[in-house]
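*Asks:* here is a sequence together with a model predicted from it:
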Amino acid sequence: MTLHQFGMMTVMCLVIFLLRSFPFLVFRDASHNPPPLLLYLGRVLTAAAIAMLVVYGLASLCDFKDPRFSRLLWALPATLATVLTQWKFRNSLLSILVGTGLYMLLLQKLG
């Protein structure tokens with residue numbers, strides 16, 4: 001590792017640490033309540049980020065040159081199974097296992 005790479009990694013680690021600790025430093029005492037907008041963003045950004053990753057992940061499975069070989073055909077039922085399993089059982093590990101297992105099964109047997 002060169003000195004330049006080490007310096008870049010040190011700066012990146014410091015910036016990430018400071019960004020992650022900023023809310024705790026600003027709102028450390030109870031008299032400084034977070035603004036309502038910040039509370040709202042804290043509630044909705046996680047779901048928005050996950051939704052964006054799902055859309056991006058499903059879009060990357062499309063094969064527009066030959067739609068017959070698109071893996072999206074197998075990912076959609078697996079995604080639906082993941083969502084339904086999470087909705088029914090509220091267990092992330094089970095949902096991931098069911099969705100991944102169904103996707104691999106469909107891809108191997110029908111793909």
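*Replies:* Great, that's in hand.

*Asks:* alpha carbons only for contacts and neighbour counts from here, please
*Replies:* Fine.

*Asks:* okay, now the unreliable bits of this structure?
*Replies:* For the chain, the stretches with pLDDT under 70 are 30, 67-69, 111.

*Asks:* tell me which residue is most central in it.
*Replies:* Central residue of the chain (Cα atoms, centre = their mean): residue 50, 4.3 Å from the mean position.

*Asks:* following the chain past whichever strand or helix holds that one, name the next helix or strand.
*Replies:* Per DSSP states H and E: residue 50 is located in helix 36-59. Next along the chain after helix 36-59, taking DSSP H and E as the criterion, comes helix 72-89.

*Asks:* against which helices or strands is that following helix packed?
*Replies:* For helix 72-89, the helices and strands in contact under the criterion 3 or more Cα pairs under 8 Å, 6 or more residues apart in numbering; DSSP states H and E are helix 36-59, helix 92-110.

*Asks:* what about the residue nearest to residue 81 when sequence neighbours are not counted, how many residues close to it?
*Replies:* Among residues not flanking residue 81 along the chain, residue 99 sits closest, at 5.7 Å (Cα to Cα, 6 or more residues apart in numbering). Neighbourhood size, residue 99 [other Cα atoms under 10 Å]: 23.

*Asks:* likewise residue 38?
*Replies:* Residue 38 is flanked by 10 other residues according to other Cα under 10 Å.

*Asks:* measure the residue nearest to the centre of the chain to residue 57 for me?
*Replies:* Note on residue 50: its distance to residue 57, by Cα to Cα, to the nearest Å, is 10 Å.

*Asks:* what's the answer for residue 98, then?
*Replies:* 17 Å.

*Asks:* same check, this time on residue 29
*Replies:* Noted for residue 29: a distance of 40 Å to residue 57, by Cα to Cα.

*Asks:* appreciated, that's everything.
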